[in-house]
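Student: here you go, sequence then predicted model.
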Amino acid sequence: MKRILLICAVLAAFSASLFAHDFDSPVFSPVTAEVLGQGGSFTAVAHGYNALFTNPAGFARKGGSFTLLSASVTPYFVPSEGDIDNLGELVGDHPEDGISLLSDLITDNGIGGNVSTGIGIVGKGLGLGLVGGFDFYGRGDYAMATEIDASYTWAAIAGYAVPIEIGFSTLYIGGDLRYMLRAEAQDVAIVDFFEAANGDEDVAFPVYYGSGLAVDAGIIAELGPFNLGLSVRDIGGTEMDYSLDDTGDFSAILTFDDSGASSVDGDTFTIPMTIAYGLSYHPDLGSLAWLLDPIFHMEYRNTYYQESDPSGWTKIHAGTEVKVLKFLKLRGGINQGYFTAGFGMKLLFLDVNLAYFTREMGNYAGSRPNEGFSLEAAIRF
């Protein structure tokens, strides 16, 4: 077992050096309340719908599901009562008024959000999913000088995993292919971004359009109450075949309208590879498990960015989930040095998950914290 994990880690780390590129494209990682509530840790416990975004070895584990529809909304801020009123100004005819009123929020926490939806079948070794999401975020030293990064991505995922019995342990090995369509805009002036979002057709900014094919692989070893997990996503880096429209706009992002785009000469855009190592402990409480069933886990996750190298503390994630009466789940964790919390509840086919979290947007823990919350509602069987 140690040899298998060591070989996979060495091969994955070696492949990172083979794909130098000019610019990073955002990692494809849909925001999900189940994972965020547990500190962002999921590699060693991957199962169900979220295995599509974390560790394909989870396709063969217990806890599979058919997600007919999942919809998530994640504001990258927790607004005060006054902020809620001022958000109306931000999406009105004069967004600069809203930016001024929300100045403290933008400079201290940043402003942005994520909206995602998807369907998926995960279980008995099979992992199939179609997932789309729009993500944007910006934070600056001065509100009016803030720049927004935005991306809109759809991904089709197909993978398979197999369980291998080894004595009293089980080894799950899985992999998947992920084809992505993406429209991406970087460093857009905040006033231009919200004017374009409000339908101003006179506002234009550079938009990249393209596609890419990613390969992911993972292993989970179940050793009694302990799990060891390894996930390698975007193996070797996933190069995006981009074209550029210098006069793009907000609607063009959401419709993938690349009619005015031309090829990008010289520059390469790549989704960097991510390697995560996980460990979990699931105590057997016997007859009490119907009442309380806890699991504890953690992971070290490194994304091989070309443009930055965050400190080790920002790569640590730890969490716990406690099932109560088999239908309610209480969650907590530490995400990059910040506390997270959440809960989930499933009644028949309706699955609802909520999480509060803080993430680190800088290179060092505590340098640029970003607070937010995430809500998912899903029809899941």
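Tutor: Good, I have the coordinates. Residues are numbered from 1 along each chain as shown.
Student: might one say that residue 220 is in contact with residue 55?
Tutor: Yes - here residue 220 reaches residue 55: they are 6.6 Å apart, a contact under Cβ atoms under 8 Å. Glycine gets a C-beta too; all of them are placed from N, C-alpha and C.
Student: find residues that contact each of the two.
Tutor: Counting by Cβ atoms under 8 Å, 6 or more residues apart in numbering, the common neighbours of residue 220 and residue 55 are 44, 46, 229-230.
Student: farthest pair in these?
Tutor: 46 and 230 (10.9 Å; Cβ to Cβ).
Student: neighbour count winner among these two?
Tutor: Neighbour count, other Cβ atoms under 10 Å: between residue 46 and residue 230, residue 46 has more, with 31 against 24.
Student: once you drop chain neighbours, what's closest to that one?
Tutor: Closest residue to residue 46 apart from its sequence neighbours, by Cβ to Cβ, 6 or more residues apart in numbering: residue 58 at 3.0 Å.
Student: quick one, strands of the stretch 251-381 of the chain?
Tutor: 262-263, 269-271, 274-281, 292-303, 316-324, 328-335, 338-347, 350-360, 369-380 (DSSP state E, counting those that start in this stretch).
Student: re the thing from before, pretty sure the residue nearest to residue 46 sits in a strand.
Tutor: No - if the criterion is DSSP: H, G, I helix; E, B strand; the rest coil, then residue 58 is helix and not within a strand.
Student: hmm, residue 174 and it touching each other?
Tutor: Yes - contact status for residue 58 versus residue 174: in contact at 7.1 Å, counting by Cβ under 8 Å.
Student: from the shared contacts of residue 220 and residue 55, which land in strands?
Tutor: Among the shared contacts of residue 220 and residue 55, DSSP state E puts 229-230 in strands.
Student: surely residue 85 is within a helix?
Tutor: Yes - secondary structure assignment places residue 85 in a helix (three-state DSSP).
Student: picking up where we left off before, go through the strands of the stretch 251-381 of the chain and find the least confident stretch.
Tutor: Comparing mean pLDDT across those, the lowest value falls on strand 262-263: a mean of 78.
Student: what pairs with that strand, parallel or antiparallel?
Tutor: Take DSSP bridges as the rule and strand 262-263 pairs in its sheet with strand 238-248 (antiparallel).
Student: which one's more surrounded, residue 58 and residue 174?
Tutor: Between residue 58 and residue 174, residue 58 has the larger neighbour count (other Cβ under 10 Å), namely 32 against 27.
Student: and the more buried one, how close does it get to residue 298?
Tutor: 17 Å (Cβ to Cβ, to the nearest Å).
Student: contact partners for residue 103?
Tutor: Counted by Cβ under 8 Å, 6+ apart, residue 103 has contacts residue 143.
Student: need the residues touching each of residue 46 and residue 230.
Tutor: 55, 218, 220.
Student: possible to save these as a markdown table with distance to residue 339?
Tutor: Formatted as a markdown table, those follow (distance: Cβ to Cβ, whole Å):
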| residue | distance to residue 339 |
| --- | --- |
| 55 | 24 |
| 218 | 27 |
| 220 | 26 |
